[in-house]
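Novice: Here is my input, please return the structure:
(4 chains)
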Number of protein chains: 2
Amino acid sequence: MPAQQRRITLKYLAAKLGVSTATVSNAFNRPDQLSPKLRDSILAEAKRLGYNGPDAKARSLRTGRSCIIAVVLAETLTYSLNDAVASEFLSGVAEVLDAHGHTLLLLPGRGRTQSPGSASMADGFIVYGLMPTTTLLDGLPQQCPRVAVDFDIDGCAAVHVDNQPASYAIARHALAGGAKRPGIVNLRLTEQPCNGRITHQTLLPEKHTITRSRLAGFHQALHDHGIDPKGVPMWNIEENTFDVSAPVIEDILDLPAGERPDLLLCMSDRIALTALTLAEQRGLRIPEDLRLTGFDGIREGQYRAPRLTTVRQDSAEKGRLAASMILGIAPRQRQVLTTELLLGDSCP
Amino acid sequence: MPAQQRRITLKYLAAKLGVSTATVSNAFNRPDQLSPKLRDSILAEAKRLGYNGPDAKARSLRTGRSCIIAVVLAETLTYSLNDAVASEFLSGVAEVLDAHGHTLLLLPGRGRTQSPGSASMADGFIVYGLMPTTTLLDGLPQQCPRVAVDFDIDGCAAVHVDNQPASYAIARHALAGGAKRPGIVNLRLTEQPCNGRITHQTLLPEKHTITRSRLAGFHQALHDHGIDPKGVPMWNIEENTFDVSAPVIEDILDLPAGERPDLLLCMSDRIALTALTLAEQRGLRIPEDLRLTGFDGIREGQYRAPRLTTVRQDSAEKGRLAASMILGIAPRQRQVLTTELLLGDSCP
DNA sequence: CTGTTAGCGCGTTCAT
DNA sequence: ATGAACGCGCTAACAG
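Specialist: Numbers count the residues shown, from 1 in each chain, chains lettered A, B, ... in the order given. Model (predicted):
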């Protein structure tokens, strides 16, 4: 027995008790493999010595499992954690992981060319949102399960919401109210970063991004309503925050009254709420002077007056489903969740 | 050389290239220990075979470091991720960790009697908010660094904000406006869970909880203003969410006009915003009929009309500081951050 | 500059 | 029901 151990290990505990390491291991992991009496005495001694069970690092090396699931976020962690939709998604993920004894590791997708080495620690990966480059995904271990959320990876399970039908539905509703000058505020839809007015030429090529699908829904609705989508002005927002979207929205609201849109179809609640705030500051009446629609259904848009007209997507459920798939509880398919039209006061 | 390896390892790569494992290891970890030519050829072959660098599990066992920092959250993950203050804190933590090649592991404090085994994976622990029990903290590895946030652990670095002076300042400001019937809405201050009106008898004993400090600030201000704090009605909210606080707030607002407070000192912006929303629904004028103060300074309270009068605490900075302490960049002391009085329209 | 070797702490098989 | 021995994949110390 070593004189004084700086850290208590299973081996040390075994030596101290005069049993083998296997027995101590079994005491923690396979209660049926030893007598209850022995087990209890081992656990008691462990507690007395302040030994908190097998070391996670060694255990994970040996078993190959860490009970850690990583969520790779397309944006920076800072952004994602401050975004209501991403946070709600994460909370759904956390709920399921927690219920199954797993923990949540957060990995940033942006800002880092190479995923940190600790990435390979995870038992599985949930990839949330389109990555700016795929280099990061290639860096992930090939073998372990992945689930993509809000976009697609070849041959990989995925969770989506019905973006295009939902956008179509809300745009139809809004147009039925009789808009003279509709406008669309996009979210990151251009090839090059651009914060402001855009044309159809500068759009990203058709891809399976959620914002592209939402735009397709808007355009379809405009078309069905007898309006040529190409004539409808569009603006682009680079980041879904108040600070980034505010200048663009200000430009829109400060247009001469005859040019200013009387309906803004926004790709997110954050954008719509920014418009709402800035419009109120300018004394514009909602919905008389300006009608607004959002997308997401975040709480902030509903716990205020006027309530936002929007599409509610259940981000928490998206998270729960993605987590269930990773853990193998739910089948690893491609699933599309349905959304719900929320008729608020911003576009009755 | 084994016939067919199911997973590529450093050893396999070394055998394949006819060099020793140490050399391959050095190629990844200590570029100066081998010729650039050899290094390049090793990295090239690694890439070709799809080997993404040393396995994190094995590496962490060997080096003792995982480059993972755990944040233990007092509440459930679901709650914390949906709370603006906690999210902002986490984003500050993530920012610093990310900049230093570390990743963030989220551990729930509530709802689990024993921390998951994977906890011992972390190199350090940031403990955010008072734990319901200390059993969880005892389960954490003793040796590795800890930082407490918003409360104190014996002999442990800590980050705080100046809760009591800040509460004193905002209460003084509010009372200077001339309140006839002030009231206080607390956040989880009773021994037993209680959602509603409370008396001084049911209060938790004096402890170093942030809400207790805030209450002390309120009481001091009332006293200095010539009002006996014991005569001021108090309500308690069990969870800082709209859904939980709404019934209590409704009871307050639905009191007969002569009993209804004309000033509510709220312990959080979330509570104050709930009061604002519900008051608006009842046609009460803010601040004429009811004046409201919050605490935290979350965005949601400022990007709306009327803007909330509140105390702004820089949660992100709190997170950055805590992370810096854990990484050893900042000295591991007890630090108290200052706050800022934000004069909005809800209590001018 | 490169190779050899000895564990890091543990789980598991195969003995008894 | 219990113990001895092996190796998970890697890095650090040392030898050449």
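
Novice: Tell me the spacing between residue A:43 and residue B:120.
Specialist: Using C-beta to C-beta, to the nearest Å, one obtains 17 Å as the distance from residue A:43 to residue B:120. Every C-beta, even on glycine, is put in place using the N, C-alpha and C of the backbone.

Novice: Counting neighbours around each, name which of these two comes out higher.
Specialist: residue B:120 (21 against 16; other C-beta atoms under 10 Å in any protein chain shown).

Novice: Identify the residues contacting that one.
Specialist: Residues counted as contacts of residue B:120 (C-beta atoms under 8 Å, 6 or more residues apart in numbering or on different chains) are A:52-53, A:55-57, B:140-141.

Novice: out of the residues you listed, who's nearest DNA strand D?
Specialist: DNA strand D lies nearest to residue A:57 out of the contacts of residue B:120, by C-beta to the nearest atom of the strand, at 9.0 Å.

Novice: Which neighbouring residues are in contact with that closest one, exactly?
Specialist: For residue A:57, the contacting residues are B:57, B:60-61, B:64, B:66, B:120-121, by C-beta under 8 Å, 6+ apart.

Novice: who does the helix or strand in which residue A:127 is found touch, helix- and strand-wise?
Specialist: Here residue A:127 is covered by strand A:124-128, with elements defined by DSSP states H and E. The helices and strands touching strand A:124-128, judged by 3 or more C-beta pairs under 8 Å, 6 or more residues apart in numbering or on different chains; DSSP states H and E, are strand A:68-73, helix A:84-99, strand A:146-149, helix A:315-326.

Novice: which one of these lies closest to DNA strand D?
Specialist: strand A:68-73 (16.4 Å).

Novice: just checking, what packs against the closest one?
Specialist: Using 3+ C-beta pairs under 8 Å, 6+ apart, the elements in contact with strand A:68-73 are helix A:84-99, strand A:103-108, strand A:124-128.

Novice: Give me the contact list for the last one.
Specialist: The reference is to strand A:124-128. Residues contacting strand A:124-128 (C-beta under 8 Å, 6+ apart): A:69-74, A:80, A:86, A:89, A:93, A:109, A:137, A:140, A:144-151, A:153, A:322-323, A:326-327.

Novice: Tell me what angle it forms with helix A:315-326.
Specialist: With axes from the mean of the first three to the mean of the last three C-alpha atoms, to 10 degrees as the basis, strand A:124-128 and helix A:315-326 are set at 150 degrees to each other.

Novice: if we can go back for a sec, Provide the strand pairings for the strand holding residue A:127, with the direction of each partner.
Specialist: If you go by DSSP bridges, strand A:124-128 pairs up with strand A:68-73 (parallel), strand A:146-149 (parallel).

Novice: mind giving me TSV with those and columns for mean pLDDT and distance to residue A:262?
Specialist: Shown next, in TSV, are the strands paired with strand A:124-128 (pLDDT from 0 to 100; distance: least, C-beta to C-beta, whole Å):
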stretch	mean pLDDT	distance to residue A:262
strand A:68-73	95	36
strand A:146-149	95	35
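
Novice: Please produce JSON lines containing those, extended by distance to DNA strand C.
Specialist: Converted to JSON lines, these look like this (distance: least, C-beta to the nearest atom of the strand, whole Å):
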{"stretch": "strand A:68-73", "distance to DNA strand C": "15"}
{"stretch": "strand A:146-149", "distance to DNA strand C": "24"}
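
Novice: Let me have the ones you listed in JSON lines, adding distance to residue A:194 and mean neighbour count as columns.
Specialist: Listed next are the strands paired with strand A:124-128 as JSON lines, based on distance: least, C-beta to C-beta, whole Å; neighbours: other C-beta atoms under 10 Å in any protein chain shown:
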{"stretch": "strand A:68-73", "distance to residue A:194": "23", "mean neighbour count": "26"}
{"stretch": "strand A:146-149", "distance to residue A:194": "26", "mean neighbour count": "26"}
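
Novice: Turn those into TSV, including distance to residue A:161.
Specialist: Converted to TSV, these look like this (distance: least, C-beta to C-beta, whole Å):
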stretch	distance to residue A:161
strand A:68-73	17
strand A:146-149	10
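
Novice: Look up how far DNA strand D lies from residue A:256.
Specialist: Counting by C-beta to the nearest atom of the strand, to the nearest Å, the separation of residue A:256 from DNA strand D is 64 Å.

Novice: swap in residue A:167?
Specialist: Relative to DNA strand D, residue A:167 is positioned 46 Å away (C-beta to the nearest atom of the strand).

Novice: Phi first, then psi, for the closest residue to that residue other than its chain neighbours.
Specialist: Nearest non-adjacent residue to residue A:167, counting by C-beta to C-beta, 6 or more residues apart in numbering or on different chains: residue A:217, 2.8 Å away. Residue A:217 adopts backbone torsions of phi -60, psi -50, taken as degrees, to the nearest 10.

Novice: Point out the residues in the stretch 1-150 of chain A that sit beside DNA strand C.
Specialist: For the stretch 1-150 of chain A, the residues found near DNA strand C under the criterion C-beta under 7 Å from any atom of the strand are A:7, A:9-11, A:21-22, A:25-26, A:28-30, A:54-55, A:57-59, A:61-63.

Novice: Out of those, name the ones that lie in helices.
Specialist: Judged by DSSP state H, those include A:10-11, A:21-22, A:25-26, A:28-29, A:57-59, A:61-63 as members of helices.

Novice: and residue A:15, how many neighbours?
Specialist: 16.

Novice: Surely it is within a helix?
Specialist: Yes. Residue A:15 forms part of a helix when assessed by DSSP: H, G, I helix; E, B strand; the rest coil.

Novice: Just the C-alphas of the helix-or-strand element of chain A with minimal mean pLDDT, formatted as CSV.
Specialist: One helix or strand of chain A scores below all others by mean pLDDT, DSSP states H and E: helix A:135-138, with a mean of 71. Taking C-alpha atoms only, helix A:135-138 is exported to CSV below (Å, rounded to 0.1, in the frame of the first residue of the first chain):
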residue,chain,number,x,y,z
THR,A,135,-14.4,21.5,-42.6
LEU,A,136,-15.6,21.5,-39.1
LEU,A,137,-17.9,18.6,-39.7
ASP,A,138,-15.2,16.6,-41.4
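
Novice: follow-up on the earlier one: figure out which of the helices and strands packed on strand A:68-73 is closest to residue A:197.
Specialist: helix A:84-99 (25.2 Å; C-beta to C-beta).

Novice: for chain B, what are the nearby residues on the stretch 151-300 of chain A?
Specialist: Residues of the stretch 151-300 of chain A lying close to chain B (C-beta under 8 Å from any C-beta of the partner chain) are A:242, A:273-274, A:277, A:280-281, A:299-300.

Novice: measure residue A:65 to DNA strand D for me?
Specialist: For residue A:65 relative to DNA strand D (C-beta to the nearest atom of the strand), the value is 12 Å.

Novice: and stretch A:33-53 with chain B, contact?
Specialist: Yes. Stretch A:33-53 comes into contact with chain B (C-beta under 8 Å from any C-beta), by way of A:50, A:52-53.

Novice: want to try a markdown table for these, with neighbour count as columns?
Specialist: Below are these laid out as a markdown table (neighbours: other C-beta atoms under 10 Å in any protein chain shown):
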| residue | neighbour count |
| --- | --- |
| A:50 | 11 |
| A:52 | 20 |
| A:53 | 18 |
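
Novice: Fine, thanks again, bye for now.
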